[in-house]
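Novice: Curious how this folds, go ahead:
(one chain, ligands or ions: 1)
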Amino acid sequence: GKFGDYGGQYVPEALMPAIEELEDAYERYVLENEDGFMDEFRRRLRDFGGRPTPTQYAERLSERYDRDVYMKREDLLHGGAHKLNNALGQVLLAKYMGKERIVAETGAGQHGTATAMAAAHLDVPCEVYMGERDINRQRPNVFRMRLNGSEVNPVTVGRGTLKEAISETMRDWATNVEDTHYVIGSIVGPHPFPAMVRDFQSVISEEAREQMRDRAGTLPDSVLACAGGGSNTMGAFAEFVDDEGVDLYAVEAGGSTLEVDEEAGVAPNSASLSTGSEGVLHGARTKLLQDRDGQIMESHSVSSGLDYAGVGPELAHLVDEGRVRAVNVDDDDALTAFHRLSQLEGVIPALETAHAFAYLEAHHEELGDTVLVNVSGRGDKDLESVIEETAQR
Ligand SMILES: CC/C=C(/N=C/c1c(COP(=O)(O)O)cnc(C)c1O)C(=O)O
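Specialist: This is a model prediction of the structure:
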């Protein structure tokens, strides 16, 4: 379960039985399609999720940037974000494993709602841990989780964002491993989570690669995707990694500045790949925002889903290898891109997604003739906070 010297299973002994059980299930059902697991997964993604999602030619952006820009519309997946690909796969796997209860963490609330929808669809009780701060800035998603029949447990320790929510969920899982599966929301955590989540999300680039060949008659010169934990990122990249001619850009949250305040332990951004250092978080060795004593620093982003001090170990490895370019844009440029895409293309993106479009705006000259941007989610959840942010500027 290693990606170069990243990844691994840095978990308390008490969790190893659950990890080993999951590793066995991953190998049998996901890698070997035992009992037709992957066939059922794909059928439910089609009929319940609404796949395939379009790879749409963006006419206004193509005019603006004088090149062919395509958008992979994961915002059109049921629930409004790529998160359902992974949530459906893991809840289905939990059923194949005989688990009776689901727990999950969420930051933007998209993973939480995706897990709640999948749990309702597959008739499994579900509890979602969500930071107090994120509950307040992603309220529509809190209502949706409860409407789908899930419980939402506020996490009040620390800053009440994603990092604490993940830690609380891991604690619940460690206590209830017998009957509970932890549906982790990104390509983070101990092996097999990063590989398994990437495998569930790789449907994005499987479809996009074929759709680009059919519609653009070529592979893209570059693929852009925002990166929080990195699941929509690796999903959009997976099937292109072996195509040398396709450049891969992971766009992180530059927050308000890349300058960190070591004394206060505060990083006013979430640019783990671009500015972080090697360390262990949530069970995996990866790139982190940590101070010189190895303390995980507070991260920041205008978007909850990118507000995370860590990142997936597979992405950290691909960046070290030079296969993926780690770039970032700040809060202001992301907010401007949020408005621009809404006006130019009639697509209101999630604030997370807007980071990728902000990078396109600033660097389109370097991206070649054909560009593919992953629209990881829609912006309905962000309307309230964007209205507030815009009023304050
Ligand atoms: C698992 C915590 C992350 C969440 N969301 C992350 C997110 C992200 C970033 O997560 P990754 O794809 O895993 O990098 C991108 N786009 C949208 C629409 C997102 O909601 C969440 O809880 O909803």
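
Novice: From here on, just use CA atoms for contacts and neighbour counts.
Specialist: Noted.

Novice: Look up the pLDDT of residue 264 for me, please.
Specialist: pLDDT for residue 264: 88.

Novice: and if you look at the one 3 residues further on?
Specialist: Predicted confidence (pLDDT) at residue 267: the value is 94.

Novice: ok, is the worst-scoring helix or strand of the chain on mean pLDDT in contact with the ligand or not?
Specialist: Across the helices and strands of the chain, mean confidence by mean pLDDT, DSSP states H and E is lowest for helix 383-392: a mean of 82. No. Using CA under 6 Å from any ligand atom, helix 383-392 never reaches the ligand; the gap is at least 13.2 Å.

Novice: hmm, who's touching that helix?
Specialist: For helix 383-392, contacts defined as CA atoms under 8 Å, 6 or more residues apart in numbering pick out 137, 335.

Novice: May I have it exported as CSV, CA atoms only?
Specialist: Taking Å, rounded to 0.1, in the frame of the first residue of the first chain, the C-alpha atoms of helix 383-392 are listed here in CSV:
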residue,chain,number,x,y,z
LEU,A,383,-24.5,30.5,-2.6
GLU,A,384,-25.1,31.8,0.9
SER,A,385,-21.4,32.1,1.7
VAL,A,386,-20.5,33.7,-1.7
ILE,A,387,-23.3,36.2,-1.2
GLU,A,388,-21.7,37.1,2.2
GLU,A,389,-18.1,37.1,0.8
THR,A,390,-19.1,39.3,-2.1
ALA,A,391,-20.9,41.7,0.2
GLN,A,392,-17.8,42.0,2.4
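
Novice: Relative to residue 364, how far out is residue 335?
Specialist: 18 Å (CA to CA, to the nearest Å).

Novice: Then residue 154?
Specialist: 41 Å.

Novice: residues in contact with the spatially most central residue of the chain?
Specialist: Closest residue to the average C-alpha location of the chain: residue 231 at 3.9 Å, with CA atoms, centre = their mean. Counting by CA under 8 Å, 6+ apart, residue 231 touches 185-187, 197-198, 201, 312.

Novice: same check, this time on residue 76
Specialist: 53, 377-378.

Novice: same thing but at 10 Å, please
Specialist: 49-54, 82, 375-378 (CA atoms under 10 Å, 6 or more residues apart in numbering).

Novice: Next one: it, what pLDDT does it get?
Specialist: Predicted confidence (pLDDT) for residue 76: 98.

Novice: can you list the residues of the stretch 101-250 of the chain near the ligand?
Specialist: Taking CA under 6 Å from any ligand atom, the part of the stretch 101-250 of the chain that reaches the ligand is made up of 106-112, 185-186, 227-233.

Novice: rerun that using 5 Å as the cut-off
Specialist: Counting by CA under 5 Å from any ligand atom, the stretch 101-250 of the chain comes close to the ligand at 106-111, 185-186, 227-232.

Novice: mind putting those in CSV, secondary structure included?
Specialist: Formatted as CSV, these follow (DSSP: H, G, I helix; E, B strand; the rest coil):
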residue, secondary structure
106, strand
107, coil
108, coil
109, coil
110, helix
111, helix
185, coil
186, coil
227, coil
228, coil
229, coil
230, coil
231, helix
232, helix
